[in-house]
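> here is the input, now give the coordinates:
(2 chains)
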There are 2 protein chains.
Amino acid sequence: MASLPPGPPSSGTPHAHSHVVPRHPRLDPLADRYAARTHGMKSSEIRALFSVVSRPEVVSLAGGMPAVTALPLDAVGSMIGELVSGMGAQTLQYGSGQGDPRLRERICDVMALEGITDASPSEVVVTVGSQQGLDLVTRVFCDPGDVILAEGPSYVGALGVFQAAQARVRHVAMDDDGLIPEALEQALLESRANGDRVKFLYTVPNFHNPAGVTLSEPRRRAIVDIADRYDLLVIEDNPYGLLGFDHEPMRALRARDSQRVIYLGSFSKTFSPGLRVGWVLAPLAVREKLVLATEAQVLCPPSLTQYAVARYLDTQPWREQIKLFTELYRERRDATLESLEALMPAGTTWTRPDGGFYVWLKLPHGLDAKLMQPRAVNAHVAYVPGIGFYADGSGREHMRLSYCYPEPDQIREGVRRLARVIEAELDLHSTFDTVDTGTFRAVGRPAESPAETIVGPANSDRTED
Amino acid sequence: MASLPPGPPSSGTPHAHSHVVPRHPRLDPLADRYAARTHGMKSSEIRALFSVVSRPEVVSLAGGMPAVTALPLDAVGSMIGELVSGMGAQTLQYGSGQGDPRLRERICDVMALEGITDASPSEVVVTVGSQQGLDLVTRVFCDPGDVILAEGPSYVGALGVFQAAQARVRHVAMDDDGLIPEALEQALLESRANGDRVKFLYTVPNFHNPAGVTLSEPRRRAIVDIADRYDLLVIEDNPYGLLGFDHEPMRALRARDSQRVIYLGSFSKTFSPGLRVGWVLAPLAVREKLVLATEAQVLCPPSLTQYAVARYLDTQPWREQIKLFTELYRERRDATLESLEALMPAGTTWTRPDGGFYVWLKLPHGLDAKLMQPRAVNAHVAYVPGIGFYADGSGREHMRLSYCYPEPDQIREGVRRLARVIEAELDLHSTFDTVDTGTFRAVGRPAESPAETIVGPANSDRTED
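Residues are numbered from 1 along each chain as shown, chains lettered A, B, ... in the order given. A predicted model of the protein is given here:
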């Protein structure tokens, strides 16, 4: 129920404004002109970090970059080249604000894999990544001061959107089975008692970012039931749903309630994030407002990238490609969990994802992932401190480890380095006797001695100049 | 100083919500949940129109679509295909929120053509078209109720952004030489007297959309001087600056003041609108806020489209291509002006653009372009009624004619049809005796008899399902 905790103020990005603007010696001559919504805007923990960890000697378990080089690049290149040569009048031209009708049809096919069989292309709005979808939904529903319920922890990019909308975030507890229905109901009752306007629940039900857990089937039923009883709108953000390692995709919340659930989808993890193609599925009345909002924001999404995704779905073996991605991520997940079990000191606990990109790790009691970060970077391993995933300053004992991008050997070396850093912290803090396993199931092992150093490649979500 | 005038409520788009949602018989069960900013959101006059005029028998002088088929499509296709095949790890991956550093360097080269020689790539933020740039600037500066000064008429897409931000627009008069400095100063004085917070002046100095006029050199100096004296921030929106027919590009406002002018640029008219690549050039302190805002909105712009533009600028004869575009548009402008002079009834006046896409036409006194629109569409010619370009309900006697997309023969036929419609209106209203030439210079000719019908292709900015 608070703004994001303050991160490092400048984060490695040059903005020593006064040194380059001799005519205006004040620090920022426009400082008194900005909108209120800018006051809480801060660099996320992730961006703050990536200006530091893009060095090649650092093994980054921080970034959430998909393994795009596993795509058939020659085939995709030919396909996109032909789209421009043969259909330039369409692919290089303005398109519809709502998005290409053909792509919206194919999006409905993709959603059917998760049990959404009643979606109409007219209910789909194509967006510049699902990030824009979430921003549009938030703009359409949230006035300053409105309350949004979200898992604790929650996706850092969502917290940034909610903050820009001057909404207040109230976290709802989760455990290994995802969001806890009783905690959701409690939050609704308390919000009602406080007179807060709760605009929606924001949830990532599958292979949660950052927690790595998945909402269980009974809880899906319970949450849809609560939404019905409390007349609660649910924003279901599902970028990872098709990336499960062990079973078929679970039935989406949207498949159970077409009126109270607004669904956000993305091709960033199943095809390519560099195309920035996502979508929103919403009831028609909401859809119409989303289209007006996106027209004011970007006029229309890029035509070329939309045609590229539609053609990819039409002509390439995209289901087999998703299997290939999941095999690759499963191997990396295994390397991560095996290394954690082999190397982490007692008192360290972590989640065990069966899909997606992330492990959520809790340090032994008393350690602080944010304070430890510079020492980890010195030891050439990077992670994202947990506080970035909370709007209320929680998460200091937590960190997110991403296994999506580094090779298994790099992951093993990264975890080895991380274990040594944690051990050194424990020595420093002498807190071996205080162990708290938290709400996530714990697996603890005594530490091993480190093996030889393996150097990973530059590894960041985004490069900053 | 008002919200956009109400357009047709549904504009051909299906949203008869109650017919498809049997479980919720109310028209929109979420009607009481939307944010305040959605209340004024309306389909623009342009979108309202395009669902109607995409029929092939209609000559559309409505859309602002560039002539992208004049590009070397095979070369551009090969270039983009190779970018994916050879650099998929970059072009298909997430990138920086601020935009690709190499593209930002090339953007500085482009801006140098308009006299901006001191721009640093670190001051550039790449956006999803300049529309997103304007949205970001508005979000960073405007709270609800703030005042924005803008030419009257003004770009319809900008009015949509300002409305979504719940800002109030105050129009400033313009004439054949663009924005009138005395009117700007008057507006500033009156706003100050009213206690209004004026956040910025929004201006399109070159080949204005929709007015077709260009800010003269003396007025550029006067406006920069007023900005300095009144400490006024200026948003210079310049998508058409390199598309002049008769002389070298004029020196940008930003070239005269690097601290008070925020510059918006676009590759939509010099290369391709379907890539949606634009940019903002802003002082570093503002730049930092724009990057945070764009990260919350889209994470990062698409990588593929950014690499495509950078590679295009690196390897293709883009200056020659702009010359080719301007020759083509000049020919279409000539066809438009010659037809108008030959065919329009007395009392009709219009601007004479020397670049860009648009002619701004004023009907004989008493006629209403919005009311006349259905009869024009029946006569198989389309334009955009002027009221969409004002926030205060003005512009009923005006229309925007776009000559960028139709072939010259289609333009001549379209103007011929339009002239007949206007004549019929005049007959109906019997107002031949009342002539008002307005602030734009008038050219009037007696009407000619119509020639044979030439049917144009489907011709719309955006297609709606």
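
> so which residues of the stretch 1-150 of chain A form helices?
A:17-20, A:45-53, A:73-91, A:101-112, A:129-141 (DSSP state H, counting those that start in this stretch).

> which one of those is the most hemmed in?
Compared across the helices of the stretch 1-150 of chain A, helix A:129-141 shows the largest average neighbour count, a mean of 27 (mean count of other C-beta atoms under 10 Å in any protein chain shown). C-beta: built from backbone N, CA, C; applies to glycine.

> can you state the direction angle for that helix and helix B:129-141?
Per axes from the mean of the first three to the mean of the last three C-alpha atoms, to 10 degrees, the angle that helix A:129-141 makes with helix B:129-141 is 50 degrees.

> what helices or strands is helix A:129-141 leaning on?
Applying 3 or more C-beta pairs under 8 Å, 6 or more residues apart in numbering or on different chains; DSSP states H and E, we find helix A:129-141 packed against strand A:124-128, helix A:156-164, strand A:198-203, strand A:234-237, strand A:261-266, strand A:277-281, helix A:284-298, helix B:284-298.

> so who does A:A376 touch?
A:A382, A:Y383, A:R417, A:L418, A:V421 (C-beta atoms under 8 Å, 6 or more residues apart in numbering or on different chains).

> chain B: which of those is nearest?
Set against chain B, the nearest of the contacts of A:A376 by C-beta to the nearest C-beta is A:A382 (16.1 Å).

> please tell me how far that closest one sits from A:L367.
According to C-beta to C-beta, to the nearest Å, A:A382 and A:L367 sit 17 Å apart.

> and the two? Which one has more around it.
A:A382 (29 against 22; other C-beta atoms under 10 Å in any protein chain shown).

> I'd say that one and A:V58 touch.
Yes. Between A:A382 and A:V58 there is a contact under C-beta atoms under 8 Å: 5.4 Å.

> close to chain B, is the longest helix anywhere in chain A?
Counting by DSSP state H, the longest helix found in chain A is helix A:318-343. No. Judged by C-beta under 8 Å from any C-beta of the partner chain, helix A:318-343 and chain B are separated, with a smallest distance of 12.4 Å.

> between helix A:101-112 and that helix, find me the angle.
Going by the same axes, to 10 degrees, helix A:318-343 makes 50 degrees with helix A:101-112.

> so where's the stretch 351-465 of chain A uncertain?
Residues of the stretch 351-465 of chain A meeting the criterion pLDDT under 70: A:431-465.

> which stretches of it form strands?
A:358-362, A:381-382, A:384-385, A:398-402 (DSSP state E, counting those that start in this stretch).

> would you list the ones you listed in CSV and tack on distance to B:G274?
Putting the strands of the stretch 351-465 of chain A into CSV (distance: least, C-beta to C-beta, whole Å) gives the following:
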stretch, distance to B:G274
strand A:358-362, 34
strand A:381-382, 37
strand A:384-385, 35
strand A:398-402, 33
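
> need the ones you listed in JSON lines with distance to chain B, can you?
Formatted as JSON lines, those follow (distance: least, C-beta to the nearest C-beta, whole Å):
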{"stretch": "strand A:358-362", "distance to chain B": "16"}
{"stretch": "strand A:381-382", "distance to chain B": "16"}
{"stretch": "strand A:384-385", "distance to chain B": "15"}
{"stretch": "strand A:398-402", "distance to chain B": "12"}
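
> go through those strands and name the closest to B:A167.
Closest of the strands of the stretch 351-465 of chain A to B:A167 is strand A:384-385, at 36.2 Å (criterion: C-beta to C-beta).

> with mean pLDDT, mean neighbour count and distance to B:Y312 as extra columns, can I get the helices and strands packed on helix A:129-141 in a markdown table?
A markdown table is the format used below for the helices and strands packed on helix A:129-141 (pLDDT from 0 to 100; neighbours: other C-beta atoms under 10 Å in any protein chain shown; distance: least, C-beta to C-beta, whole Å):
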| stretch | mean pLDDT | mean neighbour count | distance to B:Y312 |
| --- | --- | --- | --- |
| strand A:124-128 | 98 | 28 | 21 |
| helix A:156-164 | 96 | 24 | 30 |
| strand A:198-203 | 98 | 25 | 39 |
| strand A:234-237 | 98 | 26 | 35 |
| strand A:261-266 | 98 | 27 | 27 |
| strand A:277-281 | 98 | 28 | 21 |
| helix A:284-298 | 96 | 24 | 21 |
| helix B:284-298 | 96 | 24 | 22 |
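
> let's have the ones you listed in JSON lines, adding distance to B:H171.
Compiled in JSON lines, the helices and strands packed on helix A:129-141 are given as follows (distance: least, C-beta to C-beta, whole Å):
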{"stretch": "strand A:124-128", "distance to B:H171": "31"}
{"stretch": "helix A:156-164", "distance to B:H171": "29"}
{"stretch": "strand A:198-203", "distance to B:H171": "34"}
{"stretch": "strand A:234-237", "distance to B:H171": "38"}
{"stretch": "strand A:261-266", "distance to B:H171": "37"}
{"stretch": "strand A:277-281", "distance to B:H171": "34"}
{"stretch": "helix A:284-298", "distance to B:H171": "19"}
{"stretch": "helix B:284-298", "distance to B:H171": "25"}
